[in-house]
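Novice: Got a predicted model here, sequence first, then my questions.
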Amino acid sequence: MIKRNRLFGNKTRVTFCLPVNQPSGPVSVVGTFNDWEPGRHELKPRRDGTRTISITVPSGHYQFRYLGTDGVWFDDENADGVGPHGGELRL
């Protein structure tokens, strides 16, 4: 799941959310907003059985994917679209 909250100016807080154990092990969200740097935005477990990470970015168009254990890449079905370079966010 992807949640968006508009902030002042042209910024948006985007929260990426996955079930706590699907997939198992650490998961990071990487994309054009963080120069595809693994581990920089790792999802953290929450009490409600999910794991999340929130980032604040300027309005724009971004590509992203999730990176799981053992270098497994996967996309988010809730993205604005999925192309050859992963999911798309249009903010």
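Specialist: Thanks, I have the structure now.
Novice: Quick one: list the elements packing against the helix or strand containing Arg4.
Specialist: Using DSSP states H and E, Arg4 sits in strand 2-6. Packing partners of strand 2-6 (3 or more Cβ pairs under 8 Å, 6 or more residues apart in numbering; DSSP states H and E): strand 11-19. In this view, the C-beta of every residue, glycine as well, is placed from N, C-alpha and C.
Novice: Give me every residue in contact with the strand it packs on, excluding its own residues.
Specialist: With contact meaning Cβ atoms under 8 Å, 6 or more residues apart in numbering, strand 11-19 is reached by 1-7, 27, 29, 41, 43, 49-59, 66, 76, 89, 91.
Novice: Adjacent strands (with direction) for that strand?
Specialist: strand 2-6 (antiparallel), strand 50-58 (antiparallel) (DSSP bridges).
Novice: From the chain's centroid, how far away is the helix or strand just after that strand?
Specialist: Downstream of strand 11-19, the first helix or strand assigned by DSSP H and E is strand 28-31. Between the centre of strand 28-31 and the centre of its chain there are 6 Å (Cα atoms, centre = their mean, to the nearest Å).
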